[in-house]
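> heads up, no residue letters with this:
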């Protein structure tokens, strides 16, 4: 590898992740991604997403296009329906970027202490708080 090539590749990777974050930087798009992650790997057709989130068809189309352009979601045509899926490897890379330094330097986040609660509590209500192994909120 040529000198400086690794640094250039890292910068391109960070730029791509910044574009992904920008694409997800609205409440509606975050809700769409979260919903599609909950439907993984099957995904959902546009009508299901619209019904679940209450977003108008034109607005939903705009948001899905933004997410598709940054490869946060994938789309597949089935007859007259479009099925969208969360692009799990892209989201995994994004999360990996944030946690890649967690066990080095100042260890501001100790990944070994993070426990993600199940997506639903026994009563069926969303449980969305990330807690440490000691049961505290971060």
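On my side now, so go ahead. It should be emphasised that the depicted structure is a prediction, and the values quoted were computed from it without experimental measurement.
> residue ranges with poor pLDDT in this protein?
Residue ranges of the chain with pLDDT under 70: 1-8, 101-138.
> This protein - how does it break down into domains?
Following automatic domain parsing, one finds the domains of the chain at 7-96, 101-138.
> quick one, helices of this protein?
In the chain, the helices defined using DSSP state H lie at 5-23, 27-38, 46-53, 57-69, 88-99.
> Among those, single out whichever gets nearest to residue 79.
Set against residue 79 and scored by CB to CB, the helices of the chain come closest in helix 46-53, at 12.7 Å. Bear in mind the C-beta positions are built from the backbone N, C-alpha and C, glycine included.
> quick check: angle from that closest one to helix 57-69?
110 degrees (axes from the mean of the first three to the mean of the last three CA atoms, to 10 degrees).
> In terms of secondary structure, what does helix 46-53 contact?
Helix 46-53 is packed against helix 27-38, helix 57-69, strand 81-86, with contacts defined by 3 or more CB pairs under 8 Å, 6 or more residues apart in numbering; DSSP states H and E.
> Turn those into JSON lines, including mean neighbour count and distance to residue 99.
Output for the helices and strands packed on helix 46-53, formatted as JSON lines (neighbours: other CB atoms under 10 Å; distance: least, CB to CB, whole Å):
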{"stretch": "helix 27-38", "mean neighbour count": "17", "distance to residue 99": "17"}
{"stretch": "helix 57-69", "mean neighbour count": "16", "distance to residue 99": "22"}
{"stretch": "strand 81-86", "mean neighbour count": "18", "distance to residue 99": "18"}
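> Which one, of these, ends up nearest to residue 47?
strand 81-86 (7.7 Å).
> packing partners for the closest one?
Against strand 81-86 (3+ CB pairs under 8 Å, 6+ apart) you get helix 27-38, strand 44-45, helix 46-53, strand 73-78.
> Kindly recompute the last result at 6 Å.
strand 73-78 (3 or more CB pairs under 6 Å, 6 or more residues apart in numbering; DSSP states H and E).
> quick one: strands adjacent to the strand it packs on?
strand 81-86 (antiparallel) (DSSP bridges).
> contacts for the strand it pairs with?
Residues outside strand 81-86 that contact it (CB atoms under 6 Å, 6 or more residues apart in numbering): 36-37, 40, 43, 45-46, 73-76.
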